[in-house]
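Engineer: just need the structure, nothing else, for what follows:
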Amino acid sequence: MDKLKILIVSGCLAEQNKSKGNIPYSLLYHQVLKKDAERLYNISMDFDVVRYERFNPCMDRITESFYDRKPDIILFQVRGNHYLKTIKFFISYQSRKGAKKKYGMNILQIRESLYEKYMPYRKKVKKKSIPQNPTASPRSKIYITLRKITFSLYHSINYLIGLLIGNEKKAYKNYLLLVKKVINLAETNETPILFLGVTSRPINTFGEFISKRLNNRMRRYITSRNLKYIDIFGVKTDNGTYKFDSNISYSLNSYGHQEIAEKLLPHLVDIKI
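Structural biologist: Numbers count the residues shown, from 1 in each chain. A predicted model of the protein is given here:
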């Protein structure tokens, strides 16, 4: 059986079983890929994952892992989550894990993004006991709906201000610099590289708009370098199945991961052959 070592540079998508817990490890796209490659092409795929949350500090980790693992292929995911965070104007962050919540104005034309220097603030979620009657009252349904509307409106305004002050332009420049460095690493070492595109952001219309712009710009740049860009943008699979989790609306479900595996497999096999 032929072997193929793949270095995945990714956000939470490649480790969604850990980060979101809404999908088992066996249904992640790289595990579906592994099974299909063995079954259909008699190729054994071995994956190493370098997870990146921020743009600036991650290149050293990518380089170290590359020379340590010596992969046959690099698979780089263009992720929209951190990109969206760096575009926001008003943000909450913490200087270290467990530290107090702080607020700041994110103006990339003046200084580095606060999210590149510090951690996004993550509220500790306490486990709640399950109520005796899980059916929500009409009043609580109205409250939940109003919270969703307020949440979406706040983020939309935050994104809009970020766009108006030029944060998107600077954020894209920083992201493109990382992509160029990864391409240079691959080309210098004569290692094939594939790019996995941006996932949709159906939780917010403005976030979806910015994510689509990022996806289109990265696709144009990467294909201009004669490299493969696997476009997975959209809320439905090619056969019309909704591919996001109903409870975590920005996380792919098993159909979304299955679609990624199906789109990646022929490209990976062509490289191997």
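
Engineer: ranges for the strands of the stretch 151-273 of the chain?
Structural biologist: For the stretch 151-273 of the chain, applying DSSP state E, counting those that start in this stretch gives strands covering 193-196, 228-230.

Engineer: any chance of those strands in a markdown table, plus mean pLDDT and distance to residue 241?
Structural biologist: Using the backbone N, CA and C atoms, a C-beta is placed for each residue, glycine as well. Listed next are the strands of the stretch 151-273 of the chain as a markdown table, based on pLDDT from 0 to 100; distance: least, CB to CB, whole Å:
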| stretch | mean pLDDT | distance to residue 241 |
| --- | --- | --- |
| strand 193-196 | 97 | 19 |
| strand 228-230 | 96 | 18 |
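
Engineer: please work out which of the ones you listed is packed deepest.
Structural biologist: strand 193-196 (a mean of 23; mean count of other CB atoms under 10 Å).

Engineer: pull out the buried residues from the helix or strand where residue 144 lies.
Structural biologist: Element membership for residue 144, per DSSP states H and E: helix 138-164. Of all the residues in helix 138-164, those buried under the rule 16 or more other CB atoms under 10 Å are 155, 158, 159, 161, 162, 163.

Engineer: quick check, the fourth one in contact with residue 90.
Structural biologist: Yes. With contact defined as CB atoms under 8 Å, residue 161 counts as touching residue 90 (7.5 Å).

Engineer: pLDDT at residue 264, what is it?
Structural biologist: Looking at residue 264, its pLDDT reads 96.

Engineer: residue 228 is in contact with that one, correct?
Structural biologist: No. Using CB under 8 Å, residue 264 makes no contact with residue 228, being 9.6 Å away.

Engineer: what sits in contact with each of the two?
Structural biologist: Residues within reach of residue 264 and of residue 228 at once, by CB atoms under 8 Å, 6 or more residues apart in numbering, are residue 194.

Engineer: quick one, what contacts the closest residue to residue 217 other than its chain neighbours?
Structural biologist: Leaving out its chain neighbours, the residue that sits closest to residue 217 by CB to CB, 6 or more residues apart in numbering is residue 172, at 6.5 Å. Contact analysis of residue 172 by CB under 8 Å, 6+ apart lists 83, 214, 217.

Engineer: do the same with residue 264
Structural biologist: 29, 33, 75, 194, 196, 230.

Engineer: roughly how far does it sit from residue 172?
Structural biologist: 25 Å (CB to CB, to the nearest Å).

Engineer: just residue 225 next, same as before
Structural biologist: Distance from residue 225 to residue 172, counting by CB to CB: 16 Å.

Engineer: ok, residue 183 next?
Structural biologist: Residue 183 is 16 Å from residue 172, by CB to CB.

Engineer: then residue 59?
Structural biologist: Distance from residue 59 to residue 172, by CB to CB: 17 Å.

Engineer: distance to residue 243 added to the strands of the stretch 151-273 of the chain, as a markdown table?
Structural biologist: Output for these, formatted as a markdown table (distance: least, CB to CB, whole Å):
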| stretch | distance to residue 243 |
| --- | --- |
| strand 193-196 | 14 |
| strand 228-230 | 15 |
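
Engineer: for those, which one sits closest to residue 254?
Structural biologist: strand 193-196 (17.2 Å; CB to CB).

Engineer: list the strands paired with that closest one, with their directions.
Structural biologist: When sheet partners are counted by DSSP bridges, strand 193-196 sits next to strand 73-77 (parallel), strand 228-230 (parallel).

Engineer: and the next helix or strand past the longest one?
Structural biologist: To tie it back to what came earlier, the one meant is strand 73-77. Counting by DSSP H and E, what follows strand 73-77 is helix 81-87.

Engineer: buried ones in that next one?
Structural biologist: Buried, per 16+ other CB under 10 Å, within helix 81-87: 81, 82, 83, 84, 85, 86, 87.

Engineer: which elements pack onto that helix?
Structural biologist: Counting contacts by 3 or more CB pairs under 8 Å, 6 or more residues apart in numbering; DSSP states H and E, helix 81-87 is packed against helix 114-117, helix 138-164, helix 167-188, helix 205-224.

Engineer: which of the buried residues of helix 81-87 lies closest to residue 54?
Structural biologist: Using CB to CB, the buried residues of helix 81-87 come closest to residue 54 at residue 82, 6.2 Å.

Engineer: right, I'll leave it there.
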